[in-house]
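In: sharing a sequence plus its predicted fold:
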Amino acid sequence: MISAVGSFFSSRWQGLVPLDRLFWRDMIVVGTAISIASSVAALILLGLKQPMAAVLATHFSPVPYNIFLTLAVWRTAEKAGGAKASAMMLGSALWLILTVVV
């Protein structure tokens, strides 16, 4: 299991995953779903009057993963080059801002 997780992260960090898959599936679909799930869980905790520290920790828990995905997109896009790659770099930066703020 550990090697599969390590392989997941290393393949994205090294740019071995196609940029389209990294951007659309890993970041936009999966990353957004994880962010939404953590926000919903944080709202539930808030409704249950749990400590604010627990609410904030839950809400912001996907931020390190989201930063990783954004940097992986940037690294892969730099290797690919072109207008599409530049647009994905910009899109990933905007996505990161949105997932952290919202």
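Out: That came through, no problem.

In: identify the residue spatially nearest to Ala93, adjacent ones excluded.
Out: Thr70 (6.6 Å; C-beta to C-beta, 6 or more residues apart in numbering). C-beta coordinates here come from the backbone N, C-alpha and C atoms, glycine included.

In: and what of Arg12?
Out: Ala72 (4.3 Å).

In: check Gly15 too.
Out: Nearest residue to Gly15 in three dimensions, chain neighbours excluded: Thr76, at 4.3 Å (C-beta to C-beta, 6+ apart).

In: what is the subsequent helix or strand relative to the helix or strand of the chain at the bottom of the mean pLDDT ranking?
Out: Taking mean pLDDT, DSSP states H and E as the measure, the chain has helix 2-13 as its least confident helix or strand, at a mean of 87. Using DSSP states H and E, the helix or strand that follows helix 2-13 towards the C-terminus is helix 19-20.

In: give the other helices and strands that that following helix contacts.
Out: helix 63-80, helix 83-101 (3 or more C-beta pairs under 8 Å, 6 or more residues apart in numbering; DSSP states H and E).

In: C-alpha coordinates for the first one, CSV please?
Out: Output in CSV follows, covering the C-alpha atoms of helix 63-80 (Å, rounded to 0.1, in the frame of the first residue of the first chain):
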residue,chain,number,x,y,z
VAL,A,63,-4.7,22.4,1.5
PRO,A,64,-1.3,20.5,1.5
TYR,A,65,-2.7,18.1,-1.1
ASN,A,66,-4.1,20.9,-3.1
ILE,A,67,-0.7,22.7,-3.0
PHE,A,68,1.0,19.5,-4.1
LEU,A,69,-1.4,19.1,-7.1
THR,A,70,-0.9,22.7,-8.1
LEU,A,71,2.9,22.4,-8.0
ALA,A,72,2.7,19.1,-9.9
VAL,A,73,0.6,20.7,-12.6
TRP,A,74,3.1,23.6,-12.9
ARG,A,75,6.1,21.2,-13.1
THR,A,76,4.4,19.0,-15.7
ALA,A,77,3.2,22.1,-17.7
GLU,A,78,6.7,23.6,-17.8
LYS,A,79,8.0,20.4,-19.4
ALA,A,80,5.1,20.3,-21.9
